[in-house]
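How does the following fold in three dimensions:
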Amino acid sequence: MIIAAACLTLISITSVAIAHKGATGIVKVRMDAMKDISTQMKLMKKMIRGKQPYDAVRFKNAAETIAKHGLNIPKQFPKGSAHKPSRAKIGIWQDWEKFSDLTRNLTVNAKTLAEMAEATSTPKSLRRTFGKLAKTCKACHKTFRQKKR
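Below you'll find the model as predicted:
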């Protein structure tokens, strides 16, 4: 069991290193943040879908982590930081208001999920708000992130 966990950790670290190959400075900071958001979303999704037992504390912590990242996202996209290996589109800076609105929605929905997680013993009541959070992520990626090369 310990060996399997160690192998999974190594694979995760390796995949992040490969995905972020060559990333430095603020680009690496935001790529790491986005990877963490993805990890937290996957954890919550497993709980909501019943593929993992619901743990209100872990769910709340995951949502709070996303909310904290959401507050920092605008600072992680200074003008001129769309260079490789970043997948950020120039449209971020051309429509900063929309980008900022999406990051605010991410933060608000994640904070709401964290509060709701504290008050429930079942993830069923969290589905709608989790869906809003996921749609916010998708909307931002569709508009402001290049497809994998």
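
Kindly provide the distance from the most centrally placed residue in the chain to residue 123.
Nearest to the geometric centre of the chain sits residue 37, at 2.1 Å (Cα atoms, centre = their mean). As judged by Cβ to Cβ, to the nearest Å, residue 37 and residue 123 stand 19 Å apart. Using the backbone N, CA and C atoms, a C-beta is placed for each residue, glycine as well.

cool, and residue 36?
Distance from residue 36 to residue 123, by Cβ to Cβ: 21 Å.

neighbour count winner among those two?
Using other Cβ atoms under 10 Å, the more surrounded residue of residue 36 and residue 123 is residue 123, with 23 against 16.

so what's that one up against?
47, 48, 50, 54, 59 (Cβ atoms under 8 Å, 6 or more residues apart in numbering).

in the protein, which spans are helices?
Counting by DSSP state H, the chain has these helices, from start to end: 2-19, 25-48, 56-72, 91-94, 96-118, 127-144.

could I get the ones you listed as a markdown table with mean pLDDT and distance to residue 83?
Listed next are these as a markdown table, based on pLDDT from 0 to 100; distance: least, Cβ to Cβ, whole Å:
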| stretch | mean pLDDT | distance to residue 83 |
| --- | --- | --- |
| helix 2-19 | 46 | 16 |
| helix 25-48 | 97 | 7 |
| helix 56-72 | 97 | 20 |
| helix 91-94 | 96 | 13 |
| helix 96-118 | 96 | 18 |
| helix 127-144 | 96 | 15 |
